[in-house]
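Colleague: With the sequence up front, the predicted model follows.
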Amino acid sequence: ARRARVAVVGGGIAGLVAALQCAKVGISVTLFESSDRLGGIVASADLDGRATDVAADGFRVAPGALAELIDELGLQDSVVPARDADTWVAGPYGVAPLPAASILGIPANPFDARVTRIIGARGSWRAYVDRLRPPLTIGAERNLGALVRTRMGSRVLERMVAPLTYGVHGVPPEQVDVDRAARGLNSALTRTGSLSGAVAQQLPDTDAASRPSRATIDGGMSAFVDALAQRLADLEVDVRTGTEAGSLAPAGSGWSVSWNAGDESGDLEVDAVIVATPERPARRLLAPHVGGLDGAPLSPDDVDVVTLVLDDPSLDTRPRGHALYAVPGEAAALAVVHATATWPHAAGDPHVVRVTLPASGEPDAAAIATATAAVRELLGVDAPTVRAAHRARWPRALPSSALSPARDDARRAARTNERLGVVGAWIDGTGLARVAADAKTEAERIRSGLLWHADGEGAST
């Protein structure tokens, strides 16, 4: 292990996890991050005198690599569960909460009052036809959009399902794989004979429903990044922020990484490279060496996220739950997340709201004004006082549930070389839990290739 050298390009969560997995067995690791900070989409800003998450602010609670990493970093006592709150949607009917008994926006009961409020009486009756349709193709449709439209009609699809897939991931329902997004739903559809019946059967039991599905770290998710960075420092990882990896070139059995940091530049020869950047820079580095990566990007368009710190007593009651997603084309904002409706919030403290907008070239002041107007419209508050605001542009990636043969092909092509790894949301799906698990698996593949060669000689000098 001490003779092996690995370069990790990218200092987001995927890159940090990959670096840790290599460094913890004694491999010498150099990490390049083009910006001046680590964490990628886990970022905070000082707003109104306190550190505030301005992008990813939590994670899915589940066993796996992320939970193990939180324990390893000694943060298990700092995990803060999310408060239970509704998810709302906005469309031609106004704004309304989704029914609690739903999966991916698909209702278990078409005549639930919340459902009828969103899709109207005619839409509820059309959705009820699902119960009467013959089970000719049950359990075989993987396209979420096609399944919902065929079984329950266009209003359920367009007003209840599409706001979630667009608002959360930037993709239409037609690009979501049912079997990946809701495991077991197709099988339940076969058993029950209807989509609404399948949803009802797949709903969590009372005990599971009472457990929080999301959590954050006390003090914000940047505390997680800080702890991870400190662990890398303890393992003597060479972390170079403000340093861009310009290109990769084969060098013997390994690689040479060209880098530049302001007026300085150089080349670093290593045994293996793990690319952990967003899609566009990853393609630039990989395309000369991996077939099929010189085409169009797979990821949805970037978004602007405006974080607002607001004074408005009417927000104390969490009037629109923890998040509101708009029917595509029905509002200026794609989503409005009331962060302080999800996480613990002391009485009298200001509220934090994040607004996701399509990326634009307008000045920050204009984007903040657009976001504030979206808060008034979608959260139903009259004139909130803006105490602080922050705007940032973030890349998006396809969810792990996406129907994307092109991504599947890219992933297979990129992971055939035991000295070249590729990690990150763009190649395997979104969500911190997913990213951490994928980065751990890929880093283990790379380090195994370095430490256990067929000739038994270990890494090259």
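Modeller: That came through fine. Remember, predicted model here, so these are calculated numbers, not experimental data. Residues are numbered from 1 along each chain as shown.

Colleague: What are the boundaries of the strands in the stretch 51-200 of the chain?
Modeller: Assigned by DSSP state E, counting those that start in this stretch, the stretch 51-200 of the chain shows strands spanning 59-60, 79-81, 87-91, 94-97, 102-103, 106-107.

Colleague: I'd like the average pLDDT over the third one.
Modeller: When pLDDT is averaged over strand 87-91, the result is 94.

Colleague: ditto for the fifth one
Modeller: Over the span of strand 102-103, the pLDDT mean works out to 94.

Colleague: wait, is Asp316 part of a helix?
Modeller: Yes - read with DSSP: H, G, I helix; E, B strand; the rest coil, Asp316 is one of the residues of a helix.

Colleague: quick one on the thing from earlier: any idea which of the strands of the stretch 51-200 of the chain is most buried?
Modeller: Most buried of those, by mean neighbour count (mean count of other CB atoms under 10 Å): strand 106-107, with a mean of 29. C-betas here are computed from N, CA, C, even on glycine.

Colleague: Figure out which of the strands of the stretch 51-200 of the chain is closest to Val353.
Modeller: Among the strands of the stretch 51-200 of the chain, the nearest to Val353 by CB to CB is strand 87-91 (13.3 Å).

Colleague: strand partners of the closest one, parallel vs antiparallel please.
Modeller: strand 94-97 (antiparallel), strand 323-326 (parallel) (DSSP bridges).

Colleague: Same list, these, but as a markdown table with distance to Ala127 and mean pLDDT please.
Modeller: As requested, those are exported to a markdown table (distance: least, CB to CB, whole Å; pLDDT from 0 to 100):
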| stretch | distance to Ala127 | mean pLDDT |
| --- | --- | --- |
| strand 94-97 | 15 | 94 |
| strand 323-326 | 19 | 95 |
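
Colleague: For Thr340, give me its contacts.
Modeller: Applying CB atoms under 8 Å, 6 or more residues apart in numbering, we find Thr340 in contact with 315, 349, 351-353.

Colleague: for those, which one is nearest Ala439?
Modeller: Set against Ala439, the nearest of these by CB to CB is Val352 (28.3 Å).

Colleague: you'd agree that closest one is in a strand?
Modeller: Yes - according to three-state DSSP, Val352 belongs to a strand.

Colleague: and Leu315, what does it touch?
Modeller: 338, 340-341, 351, 353, 379, 381, 384.

Colleague: err, Ser222, not the other one
Modeller: Applying CB under 8 Å, 6+ apart to Ser222 gives the contacts 39, 42-44, 51, 53.

Colleague: Let's see that with 6 Å instead.
Modeller: Contact analysis of Ser222 by CB atoms under 6 Å, 6 or more residues apart in numbering lists Ser44.

Colleague: Output the contacts of Thr340 in CSV, with pLDDT and distance to Asp205 appended to each entry.
Modeller: Shown next, in CSV, are these (pLDDT from 0 to 100; distance: CB to CB, whole Å):
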residue, pLDDT, distance to Asp205
Leu315, 91, 33
Asp349, 89, 35
His351, 95, 33
Val352, 96, 33
Val353, 96, 33
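
Colleague: could those residues go into a markdown table alongside distance to Ala392?
Modeller: Output for those, formatted as a markdown table (distance: CB to CB, whole Å):
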| residue | distance to Ala392 |
| --- | --- |
| Leu315 | 22 |
| Asp349 | 23 |
| His351 | 19 |
| Val352 | 14 |
| Val353 | 15 |
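
Colleague: which two of those residues lie the greatest distance from each other?
Modeller: Within these, Asp349 and Val353 form the most distant pair, 13.1 Å apart (CB to CB).

Colleague: Compare the two and say which is more crowded by neighbours.
Modeller: Neighbour comparison, Asp349 and Val353: the larger count goes to Val353, with 27 against 14 (by other CB atoms under 10 Å).

Colleague: From Val17, how far out is the more buried one?
Modeller: Counting by CB to CB, to the nearest Å, the gap between Val353 and Val17 amounts to 30 Å.

Colleague: Can you add distance to Val435 and give the strands of the stretch 51-200 of the chain back as TSV?
Modeller: What follows is the strands of the stretch 51-200 of the chain, written out as TSV (distance: least, CB to CB, whole Å):
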stretch	distance to Val435
strand 59-60	10
strand 79-81	18
strand 87-91	23
strand 94-97	30
strand 102-103	23
strand 106-107	26
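
Colleague: Tell me which of the ones you listed approaches Gly262 most closely.
Modeller: For Gly262, the closest of those is strand 59-60, at 34.3 Å, according to CB to CB.

Colleague: Distance to Leu185 added to the strands paired with strand 87-91, as CSV?
Modeller: Shown next, in CSV, are those (distance: least, CB to CB, whole Å):
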stretch, distance to Leu185
strand 94-97, 22
strand 323-326, 20
